[in-house]
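**Q** Provided below are the primary sequence and the corresponding predicted coordinates.
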Amino acid sequence: MLDFLIQFRVRTRYKCTNSFLESQKIFFDLENKEKENIFVDVYVHEKTSEMQNHPTLSPAKYFKRFVLSCLPILILSGIFAHPEFPQNGDFRVKAFHVDLRVQVMKMPALMKLAKHLQQEGINTIIMEWEASYPYQKEAVISNEFAYTREEIKKFIDYCSQLKIDVIPLQQTFGHVEYILKNYKYAALREDNKDFSQVCPTELDKNKALFSGLIEDMISLHRSPYVHIGGDETFLLGHCAKCQKKVAESSLSKLYFDHIKMICDLVVSFGKKPVLWADIALNYPEFIHLLPKETVFVDWNYGWEMDRFGDHQKLVASGYEIWGAPSIRSEPDNFYIEKWEHHFNNITTFIPEARKLNYSGIVMTSWSTSGAYSTVFDSNEDPLLLFPVRRVYPLSGFNLLIDAYTTAIKSKEPLDAGKFIITYCKENYGFNDANATQFKRALWMTPYPVIRGTIKERENFPLAQLIDSAAKALQLFVSLKPQKNAAEFDHYILMSEIRLFYLKVFQAEADMNAEQFNADTRGVFYQRLLQLQTTSRYLSRRFEKLNKDFLYPEEIRKENALRNFKLDDLMGKVRTRIDFNPKN
Ligand SMILES: [Zn+2]
């Protein structure tokens, strides 16, 4: 008997299966017109028990019968094998997602990252340029950190030399504040106050805008793919026109009519559309409207597969799927990095994506939440966008980047403990005991704080969280790396920022308590002054460690926003006399 056999998988717009016998059944059950839309994937597979157990026909006979029965269609369609699907359990697309909504990277730092990723086996980078892209015709969208078109060309040339495919990400539904804040596009807003999303009933206007933006992206990128976003359309069905359409059809139809228009645009440019899968999981009814070239990215940052909806419906849709874990995501913030959580996500989700036969894997790394708070100058005029949630820059996350690249090189789940020991030995010259201390410090009490109360851990006072943050910092400082001290400094700075920020939270909690009043506020002055001294020291450190990574103006913004809460508290305890230098 054969140990392995060649297996077919039939995918149609409606069904997909890995089962040999089921494939055959689906094929024969299809109406003739549907057979025009089949894809037959051929790949080597271990023999299955259902074949061994079949009472009358040997696997060889089944194989022969299936090939003969499919042959006319195979010849007609000219498709014998689909290269999108993984061979031998490996991912064909090994991608890293770069989010430049905030913390726009200096070009040499971006190229250095590409080089490092290539050396570690990555073959694709998904660039979420957002407003850092130098739009040609719709130039009002580009921001102060926009690269020049020559810089982008140079980056893509460089990546081509490295054999890295650079996929542009152009948001086309939600997460489009950076476009819609410009009143040129006001007619497309789903809501004038929350303009995170275009109104999907404005199909013609949307088509005109996104056709131009996608064409602009394609003009500088060579990738066969365009990522069109499509995630977190929180306002789906919000405006009166959308509500009417939903009443007549459904939220799924509302979503997919718009996404189909965008996908068709991408296909008309000779490219394949890629989109996040959360809304399709939530409202899968009309998923089949999308062109067969569409690729879904199933992002899972450590939750149940059915978190957004029935996962099996996505798998059965027949579309190509890539998986996406994360190394920086909610609730990571100024004062919190959930190292252990991200290691667990890598350890569990990557094997899961292999098991599901996903043909690609994308590591996401969010610089911010993707949501913005808006400052309005008048009821109608948005002035500023403040990103909600800011995370330490990617400069501090080489450890997790390498954990990811190590995990996708191996068929076995990553052993985080062993990986950290090896990484620490190679990169910092640590012995096992040092590496264990390092991991202990990284893992320590990463709990979010909401209104002075610890989330995710009951009966854990803020003061105790501050103690543990101080302990973690002590551990980091006690470790003396033999090499790569500059990289190691990022952990120390992250830890210092964490301790500082938790102390600001403590001051804020005390000032929100009953005992804080006009007579007692002076008591806080010295305490906040000390924190202000620390904040200035941290800002200098942040600038020093990130000056090659971020533009000076980005560094200034990061420092200003991180100190905003403290500055606000200072304003409450300071008297006007404090402003007078003579006093
Ligand atoms: Zn609408």
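**A** Yes, it's here.

**Q** output the below-cut-off pLDDT ranges for the protein.
**A** 1-89, 576-583 (pLDDT under 70).

**Q** apply 80 and report the result again.
**A** 1-89, 575-583 (pLDDT under 80).

**Q** centre-most residue in it?
**A** For the chain, the residue nearest the mean C-alpha position is residue 364 (3.4 Å; CA atoms, centre = their mean).

**Q** that residue should be in a strand, yeah?
**A** Yes: under DSSP: H, G, I helix; E, B strand; the rest coil, residue 364 falls within a strand.

**Q** please tell me how far it sits from residue 122.
**A** 13 Å (CB to CB, to the nearest Å). All C-beta atoms are positioned from the backbone trio N, CA, C, and that covers glycine.

**Q** same question for residue 217.
**A** 21 Å.

**Q** residue contacts, the residue nearest to the centre of the chain?
**A** Counting by CB atoms under 8 Å, 6 or more residues apart in numbering, residue 364 makes contact with 97, 99, 299, 301, 324, 325, 326, 327, 328, 329.

**Q** residue 394: which of these is nearest?
**A** In terms of CB to CB, no member of the contacts of residue 364 lies closer to residue 394 than residue 328, at 7.5 Å.

**Q** my read: that closest one touches residue 369, true?
**A** No: in this structure, residue 328 is not within contact of residue 369 by CB atoms under 8 Å, at 10.6 Å.

**Q** of those two, who's got more company?
**A** residue 328 (23 against 19; other CB atoms under 10 Å).

**Q** show me where the stretch 451-583 of the chain has its helices.
**A** Counting by DSSP state H, counting those that start in this stretch, the stretch 451-583 of the chain has helices at residues 462-478, 485-511, 523-546, 552-562, 564-573.

**Q** what of the stretch 251-400 of the chain?
**A** Taking DSSP H, counting those that start in this stretch, the helices of the stretch 251-400 of the chain run over residues 251-268, 278-282, 311-316, 339-355, 398-409.

**Q** which one, of these, ends up nearest to residue 525?
**A** helix 339-355 (35.9 Å).

**Q** so which bits of the protein are right by the ion?
**A** Applying CB under 5 Å from the ion, we find that the chain lies next to the ion at 190, 199, 239, 241, 242.

**Q** from these, which would you call buried?
**A** 190, 199, 239, 242 (16 or more other CB atoms under 10 Å).

**Q** and the two most separated of the residues of the chain next to the ion?
**A** Among the residues of the chain next to the ion, 190 and 241 lie farthest apart (CB to CB), at 9.5 Å.

**Q** overlap in contacts of these two?
**A** By CB under 8 Å, 6+ apart, the residues touching both residue 190 and residue 241 are residue 199.

**Q** any idea how far residue 373 is from the ion?
**A** 22 Å (CB to the ion, to the nearest Å).

**Q** doesn't residue 382 make contact with that residue?
**A** No: using CB under 8 Å, residue 373 is not in contact with residue 382, being 10.6 Å away.

**Q** ok, these two, which is more surrounded?
**A** Neighbours were counted for residue 373 and for residue 382 using other CB under 10 Å; residue 382 has more, 20 against 9.

**Q** so the residue nearest to the centre of the chain bridges to which residues?
**A** Judged by DSSP bridges, the bridge partners of residue 364 are residue 326.

**Q** next one: residue 375
**A** residue 384.

**Q** I'd like to know how many residues surround it.
**A** Applying other CB under 10 Å, we find 11 residues neighbouring residue 375.

**Q** could you pull up the residues touching it?
**A** Applying CB under 8 Å, 6+ apart to residue 375 gives the contacts 382, 383, 384, 385, 386.

**Q** most surrounded residue in these?
**A** residue 382 (20 neighbours).

**Q** how close does that residue get to the ion?
**A** Taking CB to the ion, one finds residue 382 at 18 Å from the ion.

**Q** same question, residue 216
**A** In this view, residue 216 and the ion are 25 Å apart by CB to the ion.

**Q** kindly report the same for residue 409.
**A** The gap separating residue 409 from the ion is 45 Å, by CB to the ion.

**Q** which residue ranges make up the domains of the protein?
**A** Domain assignment for the chain, taken from automatic domain parsing, gives 4-77, 93-409, 417-579.

**Q** looking at the ones you listed, which is buried most?
**A** domain 93-409 (a mean of 19; mean count of other CB atoms under 10 Å).

**Q** how far does that one stretch from start to finish?
**A** Domain 93-409 stretches 12 Å from its first residue to its last (CA to CA, to the nearest Å).

**Q** just how off-centre is it within its chain?
**A** Between the centre of domain 93-409 and the centre of its chain there are 7 Å (CA atoms, centre = their mean, to the nearest Å).

**Q** before we move on, what about stretch 454-466?
**A** How far stretch 454-466 lies from its chain's middle: 28 Å, per CA atoms, centre = their mean.
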